[in-house]
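S.K.: Could you look at this predicted model? Sequence included:
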Amino acid sequence: MKISVYLRKVKENVENGISCICFRVRDKEIDIKATSELQVVDKYWDGDALKYRRNTVVDKDEQRRIPEQIAAIIEHVETSFDRNKADGNWLRQAVEDVLHPNRAYERNHPNLLVRMAEYIKQHEGTKQTRCQIENVYRKLIRYVAYKHEIAGMEDFNLFAENITLEDMNDFRDYVANEHLLYMEYPEFYKDYIPAQYKPKEKSSTTIINTMNLLCVFLHWCKKMGYTSNEVFLQYGCKVPVYGDPFFLSIEERNILYDADLSEVPQLEVIRDIFVFHCYIGCRVGDLYRLTKENIKNGFVEYMPQKTKKCEAKTVRVPLHEKAQRILAKYENSNSDKLLPFRPVYTYNNGIRELLKYCGIDRMVTVLDTHGYRTVQKPLYEIASSHTARKTFVGNLYKQVPDPNLIASMSGHVEGSRAFARYRNIDDDMKRKLVEMIN
């Protein structure tokens, strides 16, 4: 087999004396050619030595790069030559494999986006977690597109097999700055982000959670045998920073229960759902799955969806008298649902409107996660469905600070970081302890 290299004029650059590097392979009856994208200045090119003659016109890096790539192509053609498969397509592919190694790699290895699409399809966790993973997937799509179209890195791609710590840090920086890039390149982003979903500055906690989900996905890739790459261990999952949990006191909860809401019937339904939620303390996803069949002998009984994979257990919470009265109001409804649940978005907005209407305006200290500064806000501005869960756990913990007993009713798994935060919530508990050593 003989490989030769020759030049062919570039039509649009004939006047400038620019030619393409071409390759020819001959072996008995085989005679095939391929034109590469490599271009040289004819005037300074030495066709025998396959390199530039000494000159000051062509960039020094270009003078070095072209011969190196030609040599790499010749070596690859020689090692991959097979008389039974050698044709024009093979030769063109061999040339491209050297000039665009990422494309060559991608033909035999699904990229990170393909792997993540498979991961989402197989995901068995909660709907909320699935949505969060899909959000990371969309960010990755935009990140790769940004690298191609804005950064000019046409061959850029990510693979589970060779993603590096630098790649992960670069993606993190992209996530942190996407709201700024959106303003700088609006034409690019209009194809990826609808105008009504204009990205906002991400909090440090959101960025940490995004990268933690990426680490979990990369760990799944290793578990599936797709890669032995353990870069996710180098990166390491970070722990988000949260403030102390805020919740309604028993007195504030009872104000809601006793409120006359006859003039605002839409808030009355929200109140009933929220107060009932405060008495059973489940996650909102579990709350919305409850049906009348979950009520057994004065207990609400369910299996938490979030933790069922790591700790499949049934949670049983005795129903308080007030919770039973709320259920009694709706026991004759035609629906199998436990209560007339509203969409979560409506539920959250309704909770804030309800608290404001009932005068629950106590100022609470919360963490501004963008700058990690504490700020004071009225409770009605920041309450949500999760406030009901915190109200249940927080008030129980004030009465009986036994994490195992309370976790058996809240569905927290052993060692939960979220649950551990309740140990620092109440100065009254500290005073009582000090009084005990009088």
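M.R.: Perfect, I can see it now.
S.K.: Name the nearest residue to residue 220, sequence neighbours excluded.
M.R.: The shortest distance from residue 220 to any non-neighbouring residue, by CB to CB, 6 or more residues apart in numbering, is to residue 119 (5.7 Å). Every residue, glycine included, has its C-beta placed from N, CA and C.
S.K.: The one you found: how many residues sit nearby?
M.R.: Neighbourhood size, residue 119 [other CB atoms under 10 Å]: 18.
S.K.: what about the helices in the stretch 251-400 of the chain?
M.R.: 265-280, 284-289, 321-329, 344-357, 379-382, 385-399 (DSSP state H, counting those that start in this stretch).
S.K.: Can you check the pLDDT for residue 2?
M.R.: Note on residue 2: pLDDT of 93.
S.K.: so what's the backbone phi/psi at it?
M.R.: phi -130, psi 130 (degrees, to the nearest 10).
S.K.: Isn't it up against residue 28?
M.R.: No: the pair residue 2 / residue 28 is not scored as a contact, 10.4 Å apart, by CB atoms under 8 Å.
S.K.: picking up where we left off before, can you list the helices of the stretch 251-400 of the chain in a markdown table and add distance to residue 165?
M.R.: Output for these, formatted as a markdown table (distance: least, CB to CB, whole Å):
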| stretch | distance to residue 165 |
| --- | --- |
| helix 265-280 | 43 |
| helix 284-289 | 34 |
| helix 321-329 | 51 |
| helix 344-357 | 37 |
| helix 379-382 | 36 |
| helix 385-399 | 34 |
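S.K.: between those helices, which gets nearest to residue 338?
M.R.: With CB to CB, the closest approach to residue 338 among the helices of the stretch 251-400 of the chain belongs to helix 321-329: 6.9 Å.
S.K.: Quick one: list the elements packing against that closest one.
M.R.: helix 265-280 (3 or more CB pairs under 8 Å, 6 or more residues apart in numbering; DSSP states H and E).
S.K.: ok, now with 10 Å
M.R.: Counting contacts by 3 or more CB pairs under 10 Å, 6 or more residues apart in numbering; DSSP states H and E, helix 321-329 packs against helix 250-258, helix 265-280.
S.K.: Out of those, flag the one nearest residue 200.
M.R.: helix 265-280 (26.8 Å).
S.K.: Could you give me the buried positions within the closest one?
M.R.: 267-280 (16 or more other CB atoms under 10 Å).
S.K.: In CSV: the helices and strands packed on helix 321-329, plus distance to residue 59 and mean pLDDT.
M.R.: Conversion of the helices and strands packed on helix 321-329 to CSV gives the following (distance: least, CB to CB, whole Å; pLDDT from 0 to 100):
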stretch, distance to residue 59, mean pLDDT
helix 250-258, 72, 96
helix 265-280, 68, 95
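S.K.: could I get the ones you listed as TSV with distance to residue 336?
M.R.: Below are the helices and strands packed on helix 321-329 laid out as TSV (distance: least, CB to CB, whole Å):
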stretch	distance to residue 336
helix 250-258	25
helix 265-280	16
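S.K.: can you tell me which of those helices comes nearest to residue 127?
M.R.: helix 265-280 (18.0 Å).
S.K.: Next, the angle from that closest one to helix 344-357.
M.R.: Per axes from the mean of the first three to the mean of the last three CA atoms, to 10 degrees, the angle that helix 265-280 makes with helix 344-357 is 100 degrees.
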